[in-house]
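Asker: sharing a model prediction with you, sequence too.
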Amino acid sequence: MSRTAERRERILRAAVEQGLLDPDAAVLAGFVDLDGIAESVAALHGAFPDGLPVRHAFAAKANCLIPVLEELRLNGMGCEVASAGELAQALAAGFDPADIVYDAPAKTRAELEQALRLGVAVNADSFQELARIDRLLAARPSASRLGIRVNPQVGGGAIAAMSTATSTSKFGIPLEDPGNRQRLLDAYRDRPWLTWVHTHVGSQGCPLDLIAQGIARAVEFAEEINETLGHRQVVGIDIGGGLPVNFRSDEVTPGFDAYADRLRAHAPALFTGAYEIVTEFGRSLLAENGFTAAYVEYTKTVGGRPVAITHAGAQVATRTVFAPDAWPLRVDAHDARGAAKHGRTTRQDVAGPCCFAGDLLARNRPLPLLDVGDIVVLPDTGAYYFSTPFLYNSLPEPAVHGVRVGADGRVTFRLIRPAQTVEQLLAAAGTRPLAAAAPALPVP
Ligand SMILES: *Cc1c(COP(=O)(O)O)cnc(C)c1O
């Protein structure tokens, strides 16, 4: 068993002992390894040379829970947001507006006005958005760092839905479309306050060389702007995130060092210190620092195949359930006390609680035979899983616990998000029928 797997088992046993997992009261929970986050952030910082002006901003969509964002801030990160809600979460986590970057393809006027008023950095996604920013700045100056997101059109990776630098991607201004380079150069020339270039090539499934090539195009374009204008107007490059995560084992590969190596090979100008750099990693900082645990409620044999019905399904493992080939997850079998189950494996389906047949975490997966009261663990689910639940069958959002393991092996938990209550689900399900809410009127 890997050290990481031993640590998960230790945490799981403690969670059962302390009642954070309970077959009656807490059948599903998420866990975030706060020590692990600190290590991942340290690896990210260590991958770039000391003295290079780099600001690492965590992509809030990967895990927007406020105590998680706060932990990242305390570890020296900034924050990248893509909606008014994420901006509010980042502010609630204590980020200085100057350390927040706002990227989104559909920013409203009100959102742009707020970001510019607060001094949050903004990357415009289109020429139309740029025109809106013009009007807002004419009404009121802003301290925000402002840039344009360009699409380097270097192509996609293994998961189409995660590839943002294809020739027809909805994101950014496509660099290679006829006439765009000149239009962009004109846009920078006409707007001395446009001082950043932004790109994000894609996420899970994109090879490191593809990501680095896309960034290299953005850097070359920044150089082209500065040469054309005859002065260094572009002072910073926001290179996005997207380092893929290894979902197959506990090995952290590729690491941030490998990423920085490929970046150095393709875009050496980034390492001269001539540009400030912002990064926007999400999944690679959080995925492997979180896991989901769920009880097996029932088991059955169907058509000769064993099926375990657990409490984790599409509501917390949305991508895995709807796109199982793109997002396979490991499933680990543990007994009712949290101890890992070993021994002979049997092919079985691991299902969730949702009322549709495709609600499966794993199909025909060899695992020690799961039994009623066992616990299944889904490693690598710290990003884009329990923190971004999908509302279905009115299943509640599960509790999420932060964890630290002391040098003496003692496990301490801190509540990050309480489980959603039935009252909260009711409140989120629309207004009450008038007949129930209004006092009965006398019938004439
Ligand atoms: C989603 C996103 C990120 C983070 O991607 P990860 O794959 O989680 O690292 C960064 N920047 C932008 C603009 C994004 O949309």
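Answerer: Happy to help now that I have it.

Asker: tabulate the CA atom coordinates of stretch 352-366 in CSV.
Answerer: As requested, the backbone C-alpha atoms of stretch 352-366 are provided in CSV (Å, rounded to 0.1, in the frame of the first residue of the first chain):
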residue,chain,number,x,y,z
GLY,A,352,-24.8,5.5,-6.6
PRO,A,353,-28.2,6.4,-5.1
CYS,A,354,-29.7,8.3,-8.0
CYS,A,355,-32.8,7.0,-9.8
PHE,A,356,-31.4,6.4,-13.3
ALA,A,357,-29.6,3.3,-14.5
GLY,A,358,-26.4,5.0,-15.5
ASP,A,359,-25.6,6.2,-12.0
LEU,A,360,-22.5,4.1,-11.7
LEU,A,361,-19.1,4.9,-10.2
ALA,A,362,-17.5,1.8,-11.8
ARG,A,363,-18.6,-1.0,-14.0
ASN,A,364,-17.4,-4.6,-13.8
ARG,A,365,-14.5,-3.5,-11.5
PRO,A,366,-12.4,-6.1,-9.8
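
Asker: can you list contacts of that stretch?
Answerer: Outside stretch 352-366, the residues that touch it by Cβ atoms under 8 Å, 6 or more residues apart in numbering are 297, 305, 309-315, 317, 320-322, 324, 328-329, 331, 345-351, 376, 378, 392-393, 395. In short, each C-beta sits where N, CA and C put it, glycine included.

Asker: and after the helix or strand where residue 300 lies, which helix or strand comes next?
Answerer: Counting by DSSP states H and E, the element that carries residue 300 is strand 290-302. Sequence-wise, the next helix or strand downstream of strand 290-302 (DSSP H and E) is strand 305-310.

Asker: that next one to strand 290-302, inter-axis angle?
Answerer: 140 degrees (axes from the mean of the first three to the mean of the last three Cα atoms, to 10 degrees).

Asker: residues of the longest helix along the chain that come out buried?
Answerer: Longest helix in the chain by number of residues (criterion: DSSP state H): helix 208-229. For helix 208-229, burial by neighbour count (16 or more other Cβ atoms under 10 Å) applies to 208, 210-219, 221-223, 225-226.

Asker: for that helix, the distance to its chain's centre please.
Answerer: 25 Å (Cα atoms, centre = their mean, to the nearest Å).

Asker: now for it, which elements pack on it?
Answerer: If you count contacts as 3 or more Cβ pairs under 8 Å, 6 or more residues apart in numbering; DSSP states H and E, helix 208-229 packs onto strand 146-151, helix 180-190, strand 194-198, strand 236-238, helix 256-266.

Asker: reformat these as TSV; add mean pLDDT.
Answerer: What follows is the helices and strands packed on helix 208-229, written out as TSV (pLDDT from 0 to 100):
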stretch	mean pLDDT
strand 146-151	98
helix 180-190	98
strand 194-198	98
strand 236-238	98
helix 256-266	98
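
Asker: need those in JSON lines with mean neighbour count, can you?
Answerer: Shown next, in JSON lines, are the helices and strands packed on helix 208-229 (neighbours: other Cβ atoms under 10 Å):
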{"stretch": "strand 146-151", "mean neighbour count": "25"}
{"stretch": "helix 180-190", "mean neighbour count": "15"}
{"stretch": "strand 194-198", "mean neighbour count": "23"}
{"stretch": "strand 236-238", "mean neighbour count": "23"}
{"stretch": "helix 256-266", "mean neighbour count": "18"}
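
Asker: out of these, flag the one nearest residue 278.
Answerer: Closest to residue 278 of the helices and strands packed on helix 208-229, according to Cβ to Cβ: strand 236-238, at 4.1 Å.

Asker: check which helix or strand covers residue 316.
Answerer: Using DSSP H and E, no helix or strand contains residue 316.

Asker: need the three-state assignment for the residue nearest to residue 336 when sequence neighbours are not counted.
Answerer: Once flanking residues are discounted, residue 336 sits nearest to residue 373: 4.5 Å by Cβ to Cβ, 6 or more residues apart in numbering. At residue 373 the chain is in coil, as set by DSSP: H, G, I helix; E, B strand; the rest coil.

Asker: residue 373 touches residue 22, doesn't it?
Answerer: No - using Cβ atoms under 8 Å, residue 373 makes no contact with residue 22, being 11.1 Å away.

Asker: nearest to residue 131, of the helices and strands packed on helix 208-229?
Answerer: Closest approach to residue 131 among these is made by helix 180-190 (9.9 Å; Cβ to Cβ).

Asker: all helices in this structure, in order from the N-terminus.
Answerer: Under the criterion DSSP H, the chain contains helices at 3-17, 34-47, 66-74, 84-92, 109-118, 127-139, 180-190, 208-229, 256-266, 283-286, 318-322, 422-427, 434-437.

Asker: ok so, going back, from the buried residues of helix 208-229, which single one is nearest the ligand?
Answerer: Nearest to the ligand, judged by Cβ to the nearest ligand atom, of these is residue 211 at 9.8 Å.

Asker: need the helices of the chain in JSON lines (columns: distance to residue 149).
Answerer: Shown next, in JSON lines, are the helices of the chain (distance: least, Cβ to Cβ, whole Å):
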{"stretch": "helix 3-17", "distance to residue 149": "35"}
{"stretch": "helix 34-47", "distance to residue 149": "22"}
{"stretch": "helix 66-74", "distance to residue 149": "22"}
{"stretch": "helix 84-92", "distance to residue 149": "16"}
{"stretch": "helix 109-118", "distance to residue 149": "14"}
{"stretch": "helix 127-139", "distance to residue 149": "9"}
{"stretch": "helix 180-190", "distance to residue 149": "11"}
{"stretch": "helix 208-229", "distance to residue 149": "9"}
{"stretch": "helix 256-266", "distance to residue 149": "18"}
{"stretch": "helix 283-286", "distance to residue 149": "19"}
{"stretch": "helix 318-322", "distance to residue 149": "24"}
{"stretch": "helix 422-427", "distance to residue 149": "36"}
{"stretch": "helix 434-437", "distance to residue 149": "46"}
